[in-house]
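J.: Predicted structure and sequence below. I'll ask about it afterward.
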Amino acid sequence: MKGDREQCLAAGMDAYVTKPIDPDVLFRTIEGAAAESIISLPKRANGSFDPDGLLRRTSGDWGLARELINMFLEDTPEVLTQMREALAQNNFALVERAAHRLKGAAANLEALALAKTAFEIEQAAHETKVSAEDVARLQKGVDELKRSLQTLMQSIAA
């Protein structure tokens with residue numbers, strides 16, 4: 001959240017690491033290798049799914065990467081259904097929580113465009129300004145990511 005880093009450092013913490021946790025950043029921070037700010041590893045310029053970033057996030061462990069992918073593929077349909085039902089009932093708090101959940105899952109997979117879309121919906125829901133079109137846009141992003149993940153999983157299995 002905005003201002004958390006400053007508050008934590010002002011309270012006496014030595015450093016601050018944001019979610020989603022990147023193991024490289026976490027370990028460098030713990031070891032004191034990071035100076036005053038945390039250095040982000042390079043990301044793809046277009047913000048789309050980054051398999052190399054996913055591998056970095058899992059410290060090179062394809063088994064863990066597969067587990068994250070499978071969790072996303074299994075959980076996302078239910079989250080999207082909950083989001084649609086909540087929107088139909090004007091339950092914006094539930095829409096906001098579902099969007100937050102998808103944002104974190106997408107960020108953990110290095111699907112930054114989808115994480116951004118989910119964040120925008122989370123903010124819109126907070127302001128009770130989210131629409132069915134927003135959820136449809138999120139669904140489209142999820143569908144694109146699923147195709148990329150399934151292709152990746154097939155190439156890992158081969």
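T.: Here it is on my side, so go on.
J.: isn't A15 right up against T29?
T.: Yes. Contact criterion Cβ atoms under 8 Å: A15 and T29 qualify, at 4.7 Å. The C-beta positions use only the backbone N, C-alpha and C, and glycine is treated the same way.
J.: if I look at the closest residue to R57 other than its chain neighbours, how far off is T58?
T.: Distances taken as Cβ to Cβ, 6 or more residues apart in numbering place D22 nearest to R57, at 5.8 Å, with adjacent residues excluded. With distances taken as Cβ to Cβ, to the nearest Å, D22 is found 10 Å from T58.
J.: Of those two, give the one with the bigger neighbour count.
T.: Using other Cβ atoms under 10 Å as the criterion, D22 and T58 rank with D22 on top: 22 against 19.
J.: I'd say the more buried one and L55 touch.
T.: No. Proximity of D22 to L55 does not meet the contact threshold set by Cβ under 8 Å, at 11.8 Å.
J.: what's the domain layout of the protein?
T.: Under the assignment automatic domain parsing, the domains of the chain span 1-41, 51-157.
J.: Can you say which of the ones you listed is packed in most?
T.: Of all those, domain 51-157 carries the top mean neighbour count, a mean of 17, counting by mean count of other Cβ atoms under 10 Å.
J.: Which of the helices or strands spans the residue nearest in space to the middle of the chain?
T.: Nearest residue to the geometric centre of the chain (Cα atoms, centre = their mean): A107, 2.1 Å. Using DSSP states H and E, the element containing A107 is helix 92-108.
J.: mean confidence for that helix?
T.: Averaging pLDDT along helix 92-108 gives 96.
J.: same deal with stretch 55-70?
T.: Stretch 55-70 comes out with an average pLDDT of 89.
J.: Quote the end-to-end distance of that stretch.
T.: The first residue of stretch 55-70 is 15 Å away from its last residue (Cα to Cα, to the nearest Å).
J.: Helices of the chain, residue ranges please.
T.: Per DSSP state H, the chain carries helices over the ranges 4-10, 23-30, 51-57, 62-88, 92-108, 112-126, 132-157.
J.: And the last one, what does it pack against?
T.: Under the contact criterion of 3 or more Cβ pairs under 8 Å, 6 or more residues apart in numbering; DSSP states H and E, helix 132-157 touches helix 62-88, helix 92-108, helix 112-126.
J.: Residues contacting stretch 125-135, please?
T.: 80, 83-84, 87, 90, 92-93, 95-96, 99, 120-121, 124 (Cβ atoms under 8 Å, 6 or more residues apart in numbering).
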